[in-house]
Every structure is written in C-alpha cells, then in structure tokens.
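J.: Generate a structure from the sequence data that follows.
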Amino acid sequence: MTSVKLGKRISDAEITNVSGQLLHVEMPSAHHLYWPDLDVDVAIESIDHPERFPLVSKVQSNRHCSGRARSRRAAEWQHARPQMMRK
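T.: Sure, this is the predicted structure:
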C-alpha cells in the first residue's frame, strides 16, 4: 500500500467552544474513544501513532455534487461508522 505524499503545513489546528463537551467521553471498545456530544470517535492507535494516519480528504465541494450524491454519502457514512467502531 502506498500513501499520499503529505502537503505543506499551512496552519495549526484550533478547537473552540467545546470545553464541557470534551468531558463526556465513552469507550465503546478497548481501542476507541467516543465523544457523543461532538459525534467524534477516535482510534486510540491514531493518538499513539499519528504518523500512521495521514489526513487525506476525498470529499468534493458541494457545488460539484447533486443532492442525491450528498445523501448517498451521508447514508454510507452512517452505515460505515458502526463497522469502524467494531474493528
């Protein structure tokens, strides 16, 4: 498997207005953390070894997609999320 070459860093990440929501964390499996108030789940391995998980987006701009394509992708994500948490 080959990975995409990382681009140049253009800015640091910033997270705002989530202070109380960060405290509500669940551990649905031994390898995942989940913040239900934020609808965010993270594999613990990605925290321990972030170099193994490059940030690569395959999402196209909404102006190039029909409403049907956006709905299909949303449905696919909802179907894939429980499977990702089981791994």
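J.: where along the chain do the helices fall?
T.: 44-48, 67-86 (DSSP state H).
J.: Any idea which of those helices has the lowest pLDDT on average?
T.: Lowest mean pLDDT within the helices of the chain: helix 67-86, at a mean of 57.
J.: residues near residue 38, how many?
T.: When neighbours are counted by other C-beta atoms under 10 Å, residue 38 registers 13. For the C-beta atoms, the positions are set from N, CA and C on the backbone; glycine is no exception.
J.: Just the pLDDT for it.
T.: pLDDT, residue 38: 86.
J.: do the same with residue 64
T.: Reading off the model, residue 64 has pLDDT 55.
J.: what does residue 18 give?
T.: 66.
J.: Same question for the one 3 residues further on.
T.: Turning to residue 21, the model gives it a pLDDT of 72.
J.: Need the nearest residue in space to it, chain neighbours excluded.
T.: Sequence neighbours aside, residue 37 is the residue nearest to residue 21 in space, at 4.0 Å (criterion: C-beta to C-beta, 6 or more residues apart in numbering).
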